[in-house]
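J.: generate coordinates for the sequence data below:
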Amino acid sequence: MAGTYLINHSVQLTISKSKNMYIAVNHKISNPENFWASAQASLPELPVAGVKRIINVFPAPDNTEATCIWEADSIDQLNTYLRSKVHDWSQETYHEINAAAAMGLVV
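T.: This next block holds a predicted model:
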């Protein structure tokens, strides 16, 4: 069902019915060492069901925050994938990118 949902008071999901969407993910990272180790180990697995690729990674200087751009079938599928990789080491907010209006998005 399309809409915006708040999960566990820390993860907000905006769910769209479209396929092949571009998604911005803002990470607030509580355990940078484990988060980034898991991220590096997981990237060679891509693509996986529902998650095609990561396009950009923009970490903060201290690695406790990051914004990443992904291509996936849905925010829900990307959230499921990320939860299985970064566990509770971060809290995420997501939003679908309007690819037609975006500047600098490599598709």
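J.: every contact and neighbour count from this point should use C-alpha atoms.
T.: Fine.
J.: chain neighbours aside, what residue packs nearest to the residue sitting nearest the centre point of the chain?
T.: Among the residues of the chain, the one closest to the centroid is Val25, at 4.0 Å (CA atoms, centre = their mean). Nearest non-adjacent residue to Val25, counting by CA to CA, 6 or more residues apart in numbering: Tyr94, 4.7 Å away.
J.: how far away is that neighbour from Ala41?
T.: 22 Å (CA to CA, to the nearest Å).
J.: what about the two, which has more around it?
T.: Tyr94 (23 against 10; other CA atoms under 10 Å).
J.: what helix or strand is the more buried one located in?
T.: strand 90-96 (DSSP states H and E).
J.: so, low pLDDT: which residues of the protein?
T.: 1-19 (pLDDT under 70).
J.: what segments of it are strands?
T.: With DSSP state E as the criterion, the chain has strands at 3-7, 11-15, 21-29, 51-59, 65-72, 90-96.
J.: export the ones you listed to CSV and tack on distance to Ala37?
T.: What follows is the strands of the chain, written out as CSV (distance: least, CA to CA, whole Å):
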stretch, distance to Ala37
strand 3-7, 25
strand 11-15, 22
strand 21-29, 12
strand 51-59, 14
strand 65-72, 14
strand 90-96, 13
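J.: for Ala102, find the nearest of these.
T.: For those, proximity to Ala102 was assessed by CA to CA; strand 21-29 is nearest, at 10.2 Å.
J.: any idea of the angle that closest one forms with strand 65-72?
T.: 150 degrees (axes from the mean of the first three to the mean of the last three CA atoms, to 10 degrees).
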